[in-house]
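Undergrad: Structure, please.
(one chain, ligands or ions: 1)
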Amino acid sequence: MLFNEPVFGPIHSRRLGISLGINLLPAESKLCNFNCIYCECGWNTKDKKKKFNRRNDIKKHLELKLKLLKDEKQYPDSITFSGNGEPTMHPEFSAIIDDTITLRNQYAPAAKISVLSNATMLANPDVVTALLKIDNAILKLDSGIDETAVLINKPQFSYSIDKIIENMQKLKKHMILQTMFLRGIYDGKQIDNTTKSEINAWIDAIKKIEPRKIMIYSIDRKTPADNLQKVNFDELDKIAEHARKLGYEALVAK
Ligand code: SF4
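TA: Residues are numbered from 1 along each chain as shown. So this is what the prediction gives:
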């Protein structure tokens, strides 16, 4: 599922309510430094012509849409950066966040600004500063164990959970941690990030990151990899309970 426009929706989001989406990534195909086996945008492609949406185009489209929604008195709960890949890879991400804050304040002051990110660009201080300015920096960590994360997220670079956690600590108490739980077989290997050892490693990671909130979910749509299974709500809720016992607010997407 790819988004053709820089601004799309509003759509109803399981986690964010009425959400107006912003896609900074190319329309033709996904652009991400992960290649998650469950990605709703499908697999990465090798198309070298892929271009980010331009800052001015995004600003123009967002202003038009927010004006229209205001006229119709349909205010979004969230202006959400998601779309066809990893938004923080956009070279002008920080400036685009500033534009969005200005437009949000002008047309839909009650809307939260949310960014769904895989947390791989947090070594860039501009990305961290931008995420600290917004309401919901929702950052992905699908396992506290390197081998499992590599299997699930297929990072396109050398990946270390310790490094990701260290970078997430720059957003301590501000960020929301997001984890996808799933089971299945991929590349001949068994995947299950709900086992006891996985949950222990996940809880250890939470203790180090100290997020403001935790959101967990499972597969909801068709996945690019075959043979993946959804984890049901009751199981997800039991996993969330481990985090709640530590005093964290942990939400489960239905
Ligand atoms: S990080 Fe997000 S956009 Fe990138 S591959 Fe994973 S699910 Fe898809």
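Undergrad: Give me the neighbour count for residue 24.
TA: Neighbours of residue 24 under the rule other C-beta atoms under 10 Å: 25. Heads up, the C-betas are built off the backbone N, CA and C, glycines and all.
Undergrad: let me redo that: residue 139
TA: Other residues lying near residue 139 total 24 when counted by other C-beta under 10 Å.
Undergrad: quick one: the residue in the chain sticking out farthest from the centre from residue 59, how far?
TA: Residue farthest from the centre of the chain, counting by C-alpha atoms, centre = their mean, is residue 71 at 29.8 Å. Residue 71 is 19 Å from residue 59, where distance means C-beta to C-beta, to the nearest Å.
Undergrad: Downstream of the longest helix anywhere in the chain, the next helix or strand is which one?
TA: With secondary structure taken from DSSP state H, the chain has its longest helix at helix 55-71. Counting by DSSP states H and E, the element after helix 55-71 in chain order, helix or strand, is strand 78-81.
Undergrad: export that following strand as PDB, just CAs?
TA: Provided in PDB are the C-alpha atoms of strand 78-81 (Å, rounded to 0.1, in the frame of the first residue of the first chain):
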ATOM      1  CA  SER A  78      -3.100  14.100  14.700                       C
ATOM      2  CA  ILE A  79      -1.000  15.300  11.800                       C
ATOM      3  CA  THR A  80       1.100  12.200  11.300                       C
ATOM      4  CA  PHE A  81       4.300  11.700   9.500                       C
END
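Undergrad: can you tell me how far the closest residue to the ligand within the stretch 51-200 of the chain sits from residue 140?
TA: When distances are taken as C-beta to the nearest ligand atom, the stretch 51-200 of the chain reaches nearest to the ligand at residue 118, 3.7 Å away. Going from residue 118 to residue 140 by C-beta to C-beta gives 5 Å.
Undergrad: just residue 232 next, same as before
TA: According to C-beta to C-beta, residue 232 and residue 140 sit 21 Å apart.
Undergrad: cool, residue 47 as well?
TA: Taken as C-beta to C-beta, the span from residue 47 to residue 140 is 24 Å.
Undergrad: how many neighbours does residue 94 have?
TA: Residues near residue 94, counting by other C-beta under 10 Å: 18.
Undergrad: mind checking the SS state of it?
TA: helix (DSSP: H, G, I helix; E, B strand; the rest coil).
Undergrad: Also the one 3 residues further on?
TA: Following three-state DSSP, we place residue 97 in the helix state.
Undergrad: Next, the contact list for it, please.
TA: Going by C-beta atoms under 8 Å, 6 or more residues apart in numbering, residue 97 touches 113, 115, 130, 131, 133, 134.
Undergrad: In helices, which of those residues fall?
TA: Taking DSSP H as the definition of helices, these contribute 130, 131, 133.
Undergrad: so who does the first one touch?
TA: I take that to be residue 130. 88, 93, 94, 97, 98.
Undergrad: Which residues of the stretch 101-250 of the chain lie near the ligand?
TA: residue 118 (C-beta under 6 Å from any ligand atom).
Undergrad: where exactly do the strands run in the stretch 101-250 of the chain?
TA: 112-117, 136-140, 176-180, 182-186, 189-192, 213-217, 228-230, 250-252 (DSSP state E, counting those that start in this stretch).
Undergrad: so residue 202 makes contact with residue 144?
TA: Yes - with contacts counted by C-beta atoms under 8 Å, residue 202 reaches residue 144, the gap being 4.6 Å.
Undergrad: Apart from its chain neighbours, what residue comes closest to residue 82?
TA: Distance criterion C-beta to C-beta, 6 or more residues apart in numbering; nearest residue to residue 82, sequence neighbours excluded, is residue 116 at 4.5 Å.
Undergrad: which residues touch that neighbour?
TA: 80, 81, 82, 87, 138, 140, 178.
Undergrad: would you list these in TSV and tack on distance to residue 152, neighbour count and pLDDT?
TA: Below are the contacts of residue 116 laid out as TSV (distance: C-beta to C-beta, whole Å; neighbours: other C-beta atoms under 10 Å; pLDDT from 0 to 100):
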residue	distance to residue 152	neighbour count	pLDDT
80	23	29	97
81	22	28	97
82	18	26	91
87	20	26	97
138	17	23	98
140	10	21	98
178	13	23	98
